[in-house]
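A.B. asks: Fold the following and give me the result.
(chains A, B, C and D)
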Protein chains: 2
Amino acid sequence: MTEQQLTATIDLNVDVDAAGCCALEAELRLPDGEAARLADLFKAVGHPVRLQIVDLLSRYGRQACVCDIEHQFDLSQPTISHHLKILRQAGLIDCEKRGVWYYYFVRPQMLGELRQLLGAWSVLQVR
Amino acid sequence: MTEQQLTATIDLNVDVDAAGCCALEAELRLPDGEAARLADLFKAVGHPVRLQIVDLLSRYGRQACVCDIEHQFDLSQPTISHHLKILRQAGLIDCEKRGVWYYYFVRPQMLGELRQLLGAWSVLQVR
DNA sequence: CTTCTATATTGACAAACTTCGATCTATCTG
DNA sequence: CAGATAGATCGAAGTTTGTCAATATAGAAG
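C.D. replies: Numbering: from 1, shown residues only, chains lettered A, B, ... in the order given. The predicted structure is shown next:
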């Protein structure tokens, strides 16, 4: 198929679909699985407590034990543990056990993925 | 109160609270309302469909009418309308009515807010 | 081995979310 | 004015989330 034929086909589709407003200039580019994975990352920080936890951990010079985190909130211990688990399952934080204590820390590479997507959105927006 | 007195008070608190692991090196810095607002922004893109919508709109050269968006998903019209409303209420997108059609577009300043927070997290992480 | 402590896990319940069909509203067209 | 159409809103049903009390588990200390 020549390039001219291809162009003609595309134009035809636009005409058929267009109801006077549609442009069809872009289509979904993220595979479903990728969109779901990225959405899970965003959803993980889409709760005030979890956002504060990530903010807190990102400012710790070193890893933080759970009791340090618990002290900052007026919530039960299982609830904090639950939020930590969600963040950990999303890959945004991780922990290490030393003795009786669990030390939590952020995973910079995951934050980087979010930053990268936001960056792409913002850059393209400038056009 | 002098600076020395303040330091002394902080040190005392550390000693009293510390159970062998706690360091108390940082505290929550985001006011509750601010954390809730930012969490709402993240939550808005914390859904695969809404993430795809923002990704789609960010790549449009111009504003997109709803039918353009609907065509990309295998979901009912009210469902798409619902997701658009959530994104709009979060401030991430906005729309403009022209005739019968609503044209949606992203609001770069809100994406900027998210990017700023992620940037702060990532920068501090380098320490 | 027994007890204590830090934190994870389980189970239950209320609140919030996602989706759809049905309906409403505003605008265009004849 | 009477359709027709784009897209918002409403109401309901099913699913997921957030929270806590109770319990389990693993390491530390005696």
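
A.B. asks: Run me through the strand neighbours of the helix or strand that contains residue A:105, direction for each.
C.D. replies: Element membership of residue A:105 [criterion: DSSP states H and E] is strand A:101-106. Within its sheet, strand A:101-106 is paired with strand A:64-65 (antiparallel), strand A:93-98 (antiparallel), according to DSSP bridges.

A.B. asks: Do any residues in the first one lie close to DNA strand D?
C.D. replies: No. Under the criterion of CB under 7 Å from any atom of the strand, strand A:64-65 makes no contact with DNA strand D; the nearest approach is 13.1 Å. For every residue, glycine as well, the C-beta is placed using N, CA and C.

A.B. asks: do that strand and DNA strand C meet at all?
C.D. replies: Yes. Using CB under 7 Å from any atom of the strand, strand A:64-65 reaches DNA strand C at residue A:65.

A.B. asks: Now do the same contact list for residue A:107.
C.D. replies: Neighbour list for residue A:107: A:91, A:92, A:93, A:94 [criterion: CB atoms under 8 Å, 6 or more residues apart in numbering or on different chains].

A.B. asks: returning to that earlier point: quick check, distance from the strand holding residue A:105 to the centre of its chain.
C.D. replies: Offset of strand A:101-106 from its chain centre (CA atoms, centre = their mean, to the nearest Å): 21 Å.

A.B. asks: Pull up the residues of chain A that are close to DNA strand C.
C.D. replies: A:65-67, A:70, A:77-78, A:80-82, A:84-85, A:95, A:100-102.

A.B. asks: Count residues in the vicinity of residue A:82, would you?
C.D. replies: 14 (other CB atoms under 10 Å in any protein chain shown).

A.B. asks: hang on, it is in a helix, isn't it?
C.D. replies: Yes. Counting by DSSP: H, G, I helix; E, B strand; the rest coil, residue A:82 falls inside a helix.

A.B. asks: now chain A, which segments are flagged as low pLDDT?
C.D. replies: Residue ranges of chain A with pLDDT under 70: A:1-20, A:24, A:61, A:124-127.

A.B. asks: What residues sit buried inside the longest helix belonging to it?
C.D. replies: Secondary structure assigned by DSSP state H gives helix A:108-125 as the longest helix of chain A. Neighbour counts over helix A:108-125 (16 or more other CB atoms under 10 Å in any protein chain shown) mark A:110, A:111, A:113, A:114, A:115, A:117, A:118, A:121, A:122, A:124, A:125 as buried.

A.B. asks: Of the residues you listed, which pair is most distant in space?
C.D. replies: Maximum pairwise distance in the buried residues of helix A:108-125, criterion CB to CB, is 23.4 Å, between A:110 and A:125.

A.B. asks: what does chain A have sitting close to DNA strand D?
C.D. replies: Residues of chain A found near DNA strand D (CB under 7 Å from any atom of the strand) are A:19, A:21, A:43, A:47, A:49, A:75-79, A:82-83, A:86, A:97, A:99-100.
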